[in-house]
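In: Give the three-dimensional model of this entry:
(chains A, B, C and D)
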There are 2 protein chains.
Amino acid sequence: MPIPSAAHAPSAIELADEPDALALERQVCFALTVASRGVVQAYRPVLEPLGLSHPQYLVMLALWGSSPLSLTELSRSLRADPATLSPLVKRLEAAGLVTRGRRAADERTLDIALTADGAALRERALAVPGTMAERLGLDLAQLEQLHVLMTTLIGAVDRAQEAQHREPGEHPGE
Amino acid sequence: MPIPSAAHAPSAIELADEPDALALERQVCFALTVASRGVVQAYRPVLEPLGLSHPQYLVMLALWGSSPLSLTELSRSLRADPATLSPLVKRLEAAGLVTRGRRAADERTLDIALTADGAALRERALAVPGTMAERLGLDLAQLEQLHVLMTTLIGAVDRAQEAQHREPGEHPGE
DNA sequence: GGCATATGCTTAGTGTACGAACCATCCGCC
DNA sequence: GGCGGATGGTTCGTACACTAAGCATATGCC
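Out: Numbers count the residues shown, from 1 in each chain, chains lettered A, B, ... in the order given. Got it, this is the predicted structure:
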């Protein structure tokens, strides 16, 4: 998934006669993972006073939006694996921010709900988005463009995954 | 780091008083991490025949660009932690794709070089970018826009981190 | 009722990520 | 020639992320 070596002049390595499709700095997937790790990293000092990691922050965001959520509902909202969330939520429980209990109507379902502390933490979290926007120094247009593009990308991934599931073998279309 | 709810958002970045500034689906950091995970996920079936994980693929890309690289050089190219790369490179060595050896001129330095198998793998990897672009169905304009935005974001993260390091305390700037 | 299947969650195993502590080698410099 | 700090890697502990397997409850269908 490299970008085309279009008009702009690339930086370091290439300069070769033929455009190298495998040049590291042209891989969009590379830039994407580096940016993602970097942004999560930038959240760290801001979330640390709240006692939250970035994935934990996302779980709290979901719960602040709607408090009793089953693990599966949480998993769908966050697009995360239940196997990942299960221990993560346990750590939030150990931190006193959420409770975990079986739903009476269906004993398989695990209801995850905010504690008073967890709900109260929202007040302190209100400052996080502004702080991050200020730290990263991105203007609203860039943020919006970023959000649109990420949403597009997520849609593309979804479609690719669907196609993958529809054709595990390689029989021709139709 | 939420996006504004409308085009005529408040002039300042001050979104904290918006009731749903913490709405999950407005968090750019959420979209970013989901997109990143999703794209890496989409690479999985394509890289699996090559026997590579996505981070391993990035290491191979770097080595295909320049073969003997020290761990530190690799770390800088990939913007990854040496502590992360160290075991990762060992797994590549176990797979027979690279060799690890101390540099004669400086016994501290670990030279990581392609084996014949590792170099040969590049031929098969040449198809990866095209396959991925096709799978995700993104046009060149989107890819380029994505790359530009990710690069901008990485730059923003770098500046934020620098500022963080320059002011570990909280004395006002200047 | 009772069994096969589906659903919801958990656990185990592997592979990143990252901070922190550790060790070895190198370098400047007296 | 030897000491102190800097540099390059490794290891450890914790936390995700994901696949696969396991377990319990629920549901459909006879």
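In: is any part of stretch A:52-67 close to DNA strand D?
Out: Yes - residues of stretch A:52-67 contacting DNA strand D under CB under 7 Å from any atom of the strand: A:Ser53, A:His54, A:Pro55, A:Gln56. From N, CA and C alone the C-beta is placed, and that goes for glycine too.
In: among those residues, which two are most distant?
Out: Using CB to CB, the two most remote members of the residues of stretch A:52-67 next to DNA strand D are A:His54 and A:Gln56, lying 7.2 Å apart.
In: hang on, the earlier thing: from the residues of stretch A:52-67 next to DNA strand D, pick the one nearest B:Arg135.
Out: Closest to B:Arg135, out of all of the residues of stretch A:52-67 next to DNA strand D and judged by CB to CB, is A:Pro55, at 26.5 Å.
In: excluding its backbone neighbours, what's nearest the closest one?
Out: In this structure, A:Pro55 finds its nearest non-sequential neighbour in A:Leu88, 6.1 Å apart by CB to CB, 6 or more residues apart in numbering or on different chains.
In: If you count neighbours, what's buried in the helix or strand encompassing A:Leu32?
Out: Taking DSSP states H and E as the definition, A:Leu32 sits inside helix A:28-47. For helix A:28-47, the buried set under the neighbour-count rule, 16 or more other CB atoms under 10 Å in any protein chain shown, comprises A:28-40, A:42-43, A:46-47.
In: Given the top strand by length along chain A, what are its sheet partners and their directions?
Out: If you go by DSSP state E, chain A has its longest strand at strand A:106-114. Counting by DSSP bridges, the strands paired with strand A:106-114 are strand A:69-70 (antiparallel), strand A:98-103 (antiparallel).
In: following it, which helix or strand comes up?
Out: Scanning forward in sequence from strand A:106-114 by DSSP H and E, the next helix or strand is helix A:116-125.
In: gap between the helix ranked longest in chain A and the chain center?
Out: For chain A, the helix that runs over the most residues, judged by DSSP state H, is helix A:140-166. Helix A:140-166 has its C-alpha centroid displaced from the chain centroid by 12 Å (CA atoms, centre = their mean, to the nearest Å).
In: I'd like to check the angle between it and helix B:28-47, please.
Out: For helix A:140-166 against helix B:28-47, the angle by axes from the mean of the first three to the mean of the last three CA atoms, to 10 degrees is 30 degrees.
In: Run through the neighbouring helices and strands of helix A:140-166.
Out: For helix A:140-166, the contact count by 3 or more CB pairs under 8 Å, 6 or more residues apart in numbering or on different chains; DSSP states H and E identifies helix B:28-47, helix B:128-136, helix B:140-166 as packing neighbours.
In: following the first one, which helix or strand comes up?
Out: Yep, that's helix B:28-47 we're talking about. Heading C-terminal from helix B:28-47, the first helix or strand you meet, by DSSP H and E, is helix B:54-65.
In: between A:His54 and A:Gln56, what contacts are shared?
Out: Residues touching both A:His54 and A:Gln56 (CB atoms under 8 Å, 6 or more residues apart in numbering or on different chains): A:Leu47.
In: mind listing what A:Gly96 touches?
Out: Taking CB under 8 Å, 6+ apart as the contact definition, A:Gly96 lies against A:Thr115, A:Asp117, A:Gly118.
In: Can the longest strand of chain A be said to contact DNA strand D?
Out: Yes - applying CB under 7 Å from any atom of the strand, one finds strand A:106-114 in contact with DNA strand D at A:Asp106, A:Glu107, A:Arg108.
In: Looking at those, which one is closest to A:Ala163?
Out: Using CB to CB, A:Arg108 comes nearest to A:Ala163 of the residues of strand A:106-114 next to DNA strand D, at 31.5 Å.
In: check contacts around that closest one.
Out: Contact partners of A:Arg108, counting by CB under 8 Å, 6+ apart, are A:Arg102.
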